[in-house]
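Colleague: Take this sequence and fold it.
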Amino acid sequence: MLSEPMTLYKLMNLYMLKKVNFPLTNAQLTDFFLQHEYASYFTLQQALGELKDSGLIRAESTHSTTRYEITKEGEETLNFFENNISPAIIEDMDTYLKENRLRLRNEVSLVSDYYKSTSQDYIVHCEVREGRSPLIELNLSVPDRDQAAAMSARWEQKSKEIYSFIMKSLMSEEEA
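Modeller: Residues are numbered from 1 along each chain as shown. Next up, the predicted model:
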């Protein structure tokens, strides 16, 4: 077992990110660490920040969330030090990932964000992802921030309906 708790927390994050084929959000990682009482929220944020700063993980942030992925360097580091994580902790992480895999994957499959464009309007960017690959990407230009925020927030509840409509429309041989 490691004598330095922060090193253990970093290895645990690397382990969890390597075990899934999709990014994990800050909320998802936090849920595991707090649920199992391994680390406080602030300690976890410090560990994630240090992993990111050292290039062992990559972070993608939007207005509402941050998603983390392990880098090649992170995988190499984990391969070298993985034996320093106790079997009991590995069992906890494996069980959590197994029991929550579908929920975790579904939570990160929908991405929505907005930003101000060079023409001073706002672009709403929406995606549905399968793993790391986008199934659909949609960019819409709207005149103001409130509209952009509202559309971005509604993407989660409307994405299936919109995706289905687009697929049916594009696959249909009927003339419009």
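
Colleague: Would you mind checking the average pLDDT for the top helix by length along the chain?
Modeller: Ranked by residue count under DSSP state H, the longest helix found in the chain is helix 145-171. Computed over helix 145-171, the mean pLDDT rounds to 90.

Colleague: Show me what that helix is packed up against.
Modeller: Judged by 3 or more Cβ pairs under 8 Å, 6 or more residues apart in numbering; DSSP states H and E, helix 145-171 is in contact with strand 110-116, strand 122-130, strand 133-142. Every residue, glycine included, has its C-beta placed from N, CA and C.

Colleague: what is the orientation angle of that helix with strand 133-142?
Modeller: Helix 145-171 and strand 133-142 are oriented at 130 degrees to each other (axes from the mean of the first three to the mean of the last three Cα atoms, to 10 degrees).

Colleague: can you offset everything so residue one is 532?
Modeller: Sure, I'll start numbering at 532, so the last one becomes helix 676-702.

Colleague: Now helix 676-702: buried residues?
Modeller: 679-680, 682-683, 686, 690 (16 or more other Cβ atoms under 10 Å).

Colleague: you'd agree Gly586 is in a helix?
Modeller: No. Using DSSP: H, G, I helix; E, B strand; the rest coil, the assignment for Gly586 is coil, not a helix.

Colleague: Quickly note the distance from the closest residue to it other than its chain neighbours to Asp652.
Modeller: If you skip the residues right next to it in sequence, Gly586 has Glu604 as its closest partner in space, 5.4 Å away by Cβ to Cβ, 6 or more residues apart in numbering. Using Cβ to Cβ, to the nearest Å, Glu604 is found at 39 Å from Asp652.

Colleague: Tell me the predicted confidence for the residue nearest to Gly586.
Modeller: 97.

Colleague: Report all helices and strands that the helix or strand harbouring it contacts.
Modeller: Here Glu604 sits within helix 603-612, counting by DSSP states H and E. Contacts defined by 3+ Cβ pairs under 8 Å, 6+ apart place helix 603-612 against helix 536-550.
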